[in-house]
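A.B. asks: model the following, please.
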Amino acid sequence: MTQSLYLLRHAKAEPWFPGCDDFARVLSDRGQSHMVLLSRWMAASIEEPDAVLCSTSARTRGTLAPILEVWPGLAERTHYLNEIYEATTGRLHRLAEQAFEQVDRVMMVGHNPGFEHLAASVLRDRDANRIGKMATGTLGQIDFNGGYSSGCGQGVLRHWVTRKNLG
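C.D. replies: Below you'll find the model as predicted:
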């Protein structure tokens, strides 16, 4: 039984500055454009997720919006979770594990450093060494041939799509 984890770091947001509400920062024009391209790539290249776990921040909601346009039925299988914002790697792992008890393809939309660390922790070493930093707007698809619960350190990197890959 193969299960797939799609990790999507939010796209490029408006810059942070002292005193701004980080949680309320929205996507920049560049981030919005990237997500239109990425959502089209996703619809043509990967299977639709069974469920989405998305941070409640403005920039993650903006990142997910174009994906919900290409897969409209996904909206009813999307769960917005406050706990993804500033989550530890362990917390993200537990959220994924709980979701995989119900479905086989889980997309998580959130933030670094948690997402980058989660990817590195579940990938087999040779794939973890290939990914480096998880830039904004990066989508990783990690497959677990024996299921997610048996997959820590055994995940296989199927896709690692960055802004540069899409032009």
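A.B. asks: Provide a list of residues in contact with the closest residue to Glu69 other than its chain neighbours.
C.D. replies: Here the nearest residue to Glu69 in space, its sequence neighbours aside, is Ser39; by Cβ to Cβ, 6 or more residues apart in numbering that works out to 6.7 Å. C-beta coordinates here come from the backbone N, C-alpha and C atoms, glycine included. Residues in contact with Ser39 (Cβ atoms under 8 Å, 6 or more residues apart in numbering) are Pro66, Ile67, Glu69, Val70.
A.B. asks: could I get these as a markdown table with distance to Leu53?
C.D. replies: Formatted as a markdown table, those follow (distance: Cβ to Cβ, whole Å):
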| residue | distance to Leu53 |
| --- | --- |
| Pro66 | 18 |
| Ile67 | 13 |
| Glu69 | 19 |
| Val70 | 19 |
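A.B. asks: what subset of those is buried?
C.D. replies: Among these, the ones that count as buried by 16 or more other Cβ atoms under 10 Å are Pro66, Ile67, Val70.
A.B. asks: host element of the residue nearest to Glu69?
C.D. replies: Assigned by DSSP states H and E, Ser39 falls within helix 29-45.
A.B. asks: before I go, just wanted to say thanks for your time.
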